[in-house]
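S.K.: Return a 3D structure for these sequence lines:
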Amino acid sequence: MTPETQHPEYPYSVKIETPTGQSATVPITFLTPKQVEDFLQFEFKRLAQEAGVKGARIHVERAVTADYEKFIREVTACLRSATPNGA
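M.R.: Take a look at the predicted model:
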């Protein structure tokens, strides 16, 4: 039995823009370069078509994840906003 080849995953930030001016940024996700390629060539087009959106644009770039303190602040803010009183 041969071990499976491990493909490194990298952090990516994804921003989607629609022709109507709406945009959404998807939180950082970890993907292999092949997954990014497949997503851009096939999946995004399919998803946009299924949603009935024409002319949507996508921006994918490698994300910087070295700012651990910023990460901790964002997680803390998210968790605090989830409490009923924002305590």
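S.K.: This protein: strands as residue ranges?
M.R.: With strands called from DSSP state E, the chain shows them at 10-17, 23-31, 57-62.
S.K.: low pLDDT regions in this structure?
M.R.: Low-confidence segments of the chain (pLDDT under 70): 1-5, 65-67, 83-87.
S.K.: residues contacting the residue nearest to the spatial centre of it?
M.R.: The centroid of the chain falls nearest to residue 26 when counting by Cα atoms, centre = their mean (3.8 Å). Residues counted as contacts of residue 26 (Cβ atoms under 8 Å, 6 or more residues apart in numbering) are 13-16. Every C-beta, even on glycine, is put in place using the N, C-alpha and C of the backbone.
S.K.: Highest neighbour count among the residues you listed?
M.R.: Highest neighbour count within those, by other Cβ atoms under 10 Å: residue 14, with 20 neighbours.
S.K.: what pairs with that one across the strands?
M.R.: Residue 14 has these beta-bridge partners by DSSP bridges: residue 26, residue 60.
S.K.: My guess is it contacts residue 31. True?
M.R.: No: in this structure residue 14 lies outside contact range of residue 31 using Cβ atoms under 8 Å: 9.3 Å.
S.K.: buried sites along stretch 33-43?
M.R.: Within stretch 33-43, the residues scored as buried using 16 or more other Cβ atoms under 10 Å are 35-36, 39.
S.K.: what's in contact with it?
M.R.: With Cβ under 8 Å, 6+ apart as the criterion, stretch 33-43 contacts 7, 10, 12, 31, 58, 60.
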